[in-house]
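*Asks:* Below: sequence and its predicted model.
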Amino acid sequence: MLSIIIHGGAWDIPDGDVESHRQGVLNALTIGWKTLIDGGSAVDAVEQAIRSMEDDETFDAGYGSHLNQLGEVELDASIMDGKKIRCGAVAVVHAIKNPITLARKVMDESEHILLVGEGAERFAAEHKIKLCKPDDLINKRERERWEALQGRKDFKTKDSFHKQKRSSDTVGAVAMDKNNNICAGTSTGGTLNKYPGRVGDSPLIGCGTYADNEVGGVSTTGWGEAMIKVVMAKTVIDLMEANGGKPQEAAEKGIEILRRKADGFGGVIVLNNQGQFGISFNTPRMARAYMNSVMNEPFAAI
Ligand code: ASP
């Protein structure tokens, strides 16, 4: 069974940004789906789909990501191959246009799972992944957004992200290929005006991303600190294993646990080992799209 599901963040996406989100998740879906149709692996499909959203400035991933308190971009990404539960991740990288590709390199070529900062960039250079200038990742919208925040004390309080439910345009994908292998991946610039060095759920295996061929795959988006507390992605996988493989029920239960235990908000995409989907979010909107071999045409909604 071929199957792929995409997300492009869960938050109060303004009316004026709905169309760019729809286009962005549909483009990623089309690229990932074509990779699967052409015989590519689930890992290829997830990497390619996420790269397209990292390159699309609509999203908080790759180019156009949120800036931290110092006005810098710091990117995080992770990928997991459910065949042998192999995984790779990078965090706090400043000079990488497509961190999902670097995360895949870590998975494929390193004995480690998570590389951060300078070490991750050193690994990229050694493996022929081109470094960019940190400023090449910054667009006008994010520079202006960051400038408007400077001097606003309410953006530096301990609970400012939680109170304001700030935008979160993290991207993710989960796919199943012709061999029924499952892969999940997630990429983000993290939260707006974050403390330098802050790492959220997205690059943490089990929190932002999880895949296991025996059960399915999950990618998350939302307030990362709460997602970490409930080990969101693995929690949803465990719920699905326990409920006999029902992805929608697992997604809903996961979001309920996130809200109840950690007062968290966000969304999850889920794929089970039959190529069926689950989606749940407790934010006003979530950018999402999916397609599988039994559907006639792709589904996308914001
Ligand atoms: N989960 C991400 C983080 O906390 C943010 C997001 O999903 O947009 O870094």
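*Replies:* Ah, there it is.

*Asks:* CA atoms for contacts and neighbours, from now on please.
*Replies:* Noted.

*Asks:* ok now stretch 109-125, how far from the chain's centre?
*Replies:* Centre-to-centre, stretch 109-125 and its host chain are 19 Å apart (Cα atoms, centre = their mean, to the nearest Å).

*Asks:* Sort out which residues of it are buried, please.
*Replies:* Across stretch 109-125, burial judged by 16 or more other Cα atoms under 10 Å covers 113-117, 120-121, 123-124.

*Asks:* Filter those down to the ones in strands?
*Replies:* 114-116 (DSSP state E).

*Asks:* from those residues, which single one is nearest the ligand?
*Replies:* Val116 (14.5 Å; Cα to the nearest ligand atom).

*Asks:* Ramachandran angles for the nearest residue to the closest one once chain neighbours are set aside?
*Replies:* With sequence-adjacent residues excluded and distances taken as Cα to Cα, 6 or more residues apart in numbering, Val116 is closest to Ala91, at 4.6 Å. The phi/psi pair for Ala91 (degrees, to the nearest 10) reads phi -140, psi 150.

*Asks:* what about Ala91, how many residues close to it?
*Replies:* 29 (other Cα atoms under 10 Å).

*Asks:* same thing with Val294?
*Replies:* 11.

*Asks:* what's the distance between Asn139 and the ligand?
*Replies:* Asn139 sits at a distance of 17 Å from the ligand (criterion: Cα to the nearest ligand atom, to the nearest Å).

*Asks:* show me where the chain has helices.
*Replies:* Along the chain, counting by DSSP state H, helices occupy 18-37, 42-55, 99-109, 117-126, 140-149, 160-164, 224-229, 232-242, 247-262.

*Asks:* what's the angle between the third one and helix 117-126?
*Replies:* Translated: helix 99-109. With axes from the mean of the first three to the mean of the last three Cα atoms, to 10 degrees applied, the angle from helix 99-109 to helix 117-126 works out at 70 degrees.

*Asks:* Tell me the residues of the chain that contact the ligand?
*Replies:* Counting by Cα under 6 Å from any ligand atom, the residues of the chain lying close to the ligand are 9, 168-170, 190-191, 200-202, 221-224.

*Asks:* of all of the stretch 1-150 of the chain, which residue lies closest to the ligand?
*Replies:* Closest point on the stretch 1-150 of the chain to the ligand, by Cα to the nearest ligand atom, is Gly9, at 5.7 Å.

*Asks:* and of the residues of the chain next to the ligand, the nearest to Gln69?
*Replies:* Thr191 (10.3 Å; Cα to Cα).

*Asks:* Next up, the contacts around the most centrally placed residue in the chain.
*Replies:* Of all residues in the chain, the one closest to the mean position by Cα atoms, centre = their mean is Thr186, 2.7 Å from it. The contact partners of Thr186, by Cα atoms under 8 Å, 6 or more residues apart in numbering, come to 50, 77-79, 100, 170-173, 202-203, 208-209, 219-220.
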